[in-house]
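Following is a predicted model, sequence given first.
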Amino acid sequence: MAAPPGPVAAATGAERAMFDFVDAYDRAFEQAAQEHGLSMAQACVLGRVGRDRGMRELADELGCDASNITQIIRRLEARGLVRRRPHPADGRSRQIVRTPEGTALYTAFEESFAFARAVTAGLSADERDQLTALLRKALDAASRPTP
(Lines give C-alpha, C1' and ligand atoms only; values in the text may rest on other atoms or scores of the structure.)
Protein backbone atom coordinates (compact mmCIF):
# COMPACT_ATOMS: atom_id res chain seq x y z
CA MET A 1 0.00 0.00 0.00
CA ALA A 2 1.40 3.37 -0.99
CA ALA A 3 1.64 6.28 1.38
CA PRO A 4 -1.02 8.96 1.18
CA PRO A 5 -0.22 11.64 -1.42
CA GLY A 6 1.18 14.23 0.98
CA PRO A 7 -0.37 16.41 3.62
CA VAL A 8 -3.79 17.99 3.37
CA ALA A 9 -2.33 21.18 1.89
CA ALA A 10 1.15 21.65 0.45
CA ALA A 11 2.83 24.88 1.51
CA THR A 12 4.54 25.53 -1.84
CA GLY A 13 4.45 24.39 -5.43
CA ALA A 14 7.82 22.69 -4.89
CA GLU A 15 6.42 20.77 -1.92
CA ARG A 16 3.38 19.65 -3.95
CA ALA A 17 5.64 18.59 -6.83
CA MET A 18 7.76 16.53 -4.43
CA PHE A 19 4.68 14.83 -2.97
CA ASP A 20 3.38 14.10 -6.46
CA PHE A 21 6.77 12.74 -7.55
CA VAL A 22 7.13 10.49 -4.50
CA ASP A 23 3.57 9.23 -4.92
CA ALA A 24 4.16 8.40 -8.60
CA TYR A 25 7.51 6.77 -7.73
CA ASP A 26 5.88 4.62 -5.04
CA ARG A 27 3.08 3.52 -7.38
CA ALA A 28 5.58 2.58 -10.10
CA PHE A 29 7.80 0.74 -7.59
CA GLU A 30 4.82 -1.20 -6.23
CA GLN A 31 3.64 -2.11 -9.74
CA ALA A 32 7.11 -3.34 -10.76
CA ALA A 33 7.41 -5.35 -7.53
CA GLN A 34 3.99 -6.96 -8.09
CA GLU A 35 4.95 -7.88 -11.66
CA HIS A 36 7.69 -10.02 -10.14
CA GLY A 37 5.59 -11.47 -7.32
CA LEU A 38 7.16 -9.26 -4.67
CA SER A 39 5.77 -6.87 -2.12
CA MET A 40 7.29 -3.40 -1.98
CA ALA A 41 9.09 -4.38 1.24
CA GLN A 42 10.46 -7.58 -0.31
CA ALA A 43 11.73 -5.72 -3.39
CA CYS A 44 13.35 -3.11 -1.16
CA VAL A 45 15.09 -5.70 1.04
CA LEU A 46 16.12 -7.81 -1.96
CA GLY A 47 17.79 -4.73 -3.42
CA ARG A 48 19.63 -3.99 -0.19
CA VAL A 49 21.18 -7.46 0.07
CA GLY A 50 23.26 -7.09 -3.06
CA ARG A 51 26.13 -7.36 -0.60
CA ASP A 52 26.13 -9.38 2.61
CA ARG A 53 24.06 -7.62 5.26
CA GLY A 54 23.11 -8.30 8.85
CA MET A 55 19.49 -8.23 9.98
CA ARG A 56 20.11 -5.34 12.40
CA GLU A 57 21.90 -3.37 9.68
CA LEU A 58 18.94 -3.83 7.34
CA ALA A 59 16.44 -2.85 10.02
CA ASP A 60 18.43 0.26 10.94
CA GLU A 61 18.92 1.28 7.31
CA LEU A 62 15.23 0.87 6.51
CA GLY A 63 14.06 2.45 9.77
CA CYS A 64 11.95 -0.50 10.81
CA ASP A 65 11.75 -3.06 13.56
CA ALA A 66 14.04 -6.10 13.31
CA SER A 67 10.99 -8.38 13.55
CA ASN A 68 9.66 -6.88 10.31
CA ILE A 69 12.95 -7.65 8.54
CA THR A 70 12.87 -11.18 9.95
CA GLN A 71 9.42 -11.78 8.45
CA ILE A 72 10.45 -10.37 5.07
CA ILE A 73 13.62 -12.47 5.04
CA ARG A 74 11.63 -15.61 5.92
CA ARG A 75 9.36 -15.04 2.93
CA LEU A 76 12.30 -14.37 0.61
CA GLU A 77 14.07 -17.48 1.94
CA ALA A 78 10.97 -19.59 1.33
CA ARG A 79 11.15 -18.55 -2.32
CA GLY A 80 14.87 -19.34 -2.52
CA LEU A 81 15.80 -15.69 -3.16
CA VAL A 82 18.04 -15.15 -0.12
CA ARG A 83 19.78 -17.28 2.45
CA ARG A 84 21.31 -16.74 5.86
CA ARG A 85 24.87 -17.67 6.60
CA PRO A 86 27.12 -17.26 9.63
CA HIS A 87 28.93 -13.95 9.90
CA PRO A 88 32.65 -14.62 9.21
CA ALA A 89 33.79 -12.57 12.23
CA ASP A 90 30.91 -13.34 14.64
CA GLY A 91 29.53 -16.86 14.55
CA ARG A 92 26.56 -15.81 16.70
CA SER A 93 25.13 -13.53 14.04
CA ARG A 94 23.91 -14.19 10.52
CA GLN A 95 24.33 -12.37 7.25
CA ILE A 96 21.72 -12.27 4.53
CA VAL A 97 22.91 -12.95 0.99
CA ARG A 98 21.04 -13.10 -2.29
CA THR A 99 21.00 -16.40 -4.08
CA PRO A 100 21.60 -16.55 -7.83
CA GLU A 101 17.81 -16.80 -8.22
CA GLY A 102 17.40 -13.70 -6.06
CA THR A 103 19.95 -11.81 -8.11
CA ALA A 104 18.22 -12.80 -11.36
CA LEU A 105 14.82 -11.74 -10.04
CA TYR A 106 16.14 -8.45 -8.70
CA THR A 107 17.88 -7.71 -12.01
CA ALA A 108 14.58 -8.30 -13.83
CA PHE A 109 12.80 -6.06 -11.31
CA GLU A 110 15.33 -3.26 -11.81
CA GLU A 111 14.94 -3.49 -15.58
CA SER A 112 11.16 -3.24 -15.31
CA PHE A 113 11.26 -0.38 -12.80
CA ALA A 114 11.99 2.33 -15.33
CA PHE A 115 10.32 5.23 -13.50
CA ALA A 116 13.42 7.38 -12.98
CA ARG A 117 14.66 6.77 -16.51
CA ALA A 118 11.23 7.57 -17.94
CA VAL A 119 10.67 10.80 -16.04
CA THR A 120 14.13 12.15 -16.84
CA ALA A 121 14.16 11.04 -20.50
CA GLY A 122 12.69 14.34 -21.66
CA LEU A 123 15.32 16.40 -19.85
CA SER A 124 18.51 17.60 -21.47
CA ALA A 125 21.85 16.57 -19.97
CA ASP A 126 22.15 20.04 -18.39
CA GLU A 127 18.65 19.76 -16.90
CA ARG A 128 19.44 16.31 -15.47
CA ASP A 129 22.63 17.72 -13.93
CA GLN A 130 20.67 20.65 -12.48
CA LEU A 131 17.97 18.33 -11.11
CA THR A 132 20.64 16.10 -9.56
CA ALA A 133 22.37 19.07 -7.92
CA LEU A 134 19.11 20.46 -6.54
CA LEU A 135 17.97 17.10 -5.19
CA ARG A 136 21.37 16.52 -3.53
CA LYS A 137 21.26 20.03 -2.04
CA ALA A 138 17.75 19.44 -0.65
CA LEU A 139 18.71 16.05 0.77
CA ASP A 140 21.88 17.45 2.32
CA ALA A 141 19.83 20.21 3.98
CA ALA A 142 17.33 17.65 5.27
CA SER A 143 20.08 15.53 6.85
CA ARG A 144 21.54 18.43 8.87
CA PRO A 145 20.30 18.77 12.43
CA THR A 146 17.85 21.62 12.91
CA PRO A 147 19.00 24.35 15.29
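Cool, the structure landed.

what about the helix or strand of the chain with the lowest mean pLDDT, distance to the chain center?
One helix or strand of the chain scores below all others by mean pLDDT, DSSP states H and E: strand 53-54, with a mean of 84. What separates the centre of strand 53-54 from the centre of its chain is 16 Å, taken as CA atoms, centre = their mean, to the nearest Å.

From the contact counts, what lies against that strand?
Applying 3 or more CB pairs under 8 Å, 6 or more residues apart in numbering; DSSP states H and E, one finds that strand 53-54 contacts strand 94-98. Using the backbone N, CA and C atoms, a C-beta is placed for each residue, glycine as well.

repeat that for 10 Å
helix 66-78, strand 94-98 (3 or more CB pairs under 10 Å, 6 or more residues apart in numbering; DSSP states H and E).

Pairing partners for the last one, with directions?
For strand 94-98, the paired strands and their directions (DSSP bridges) read strand 53-54 (antiparallel), strand 82-86 (antiparallel).
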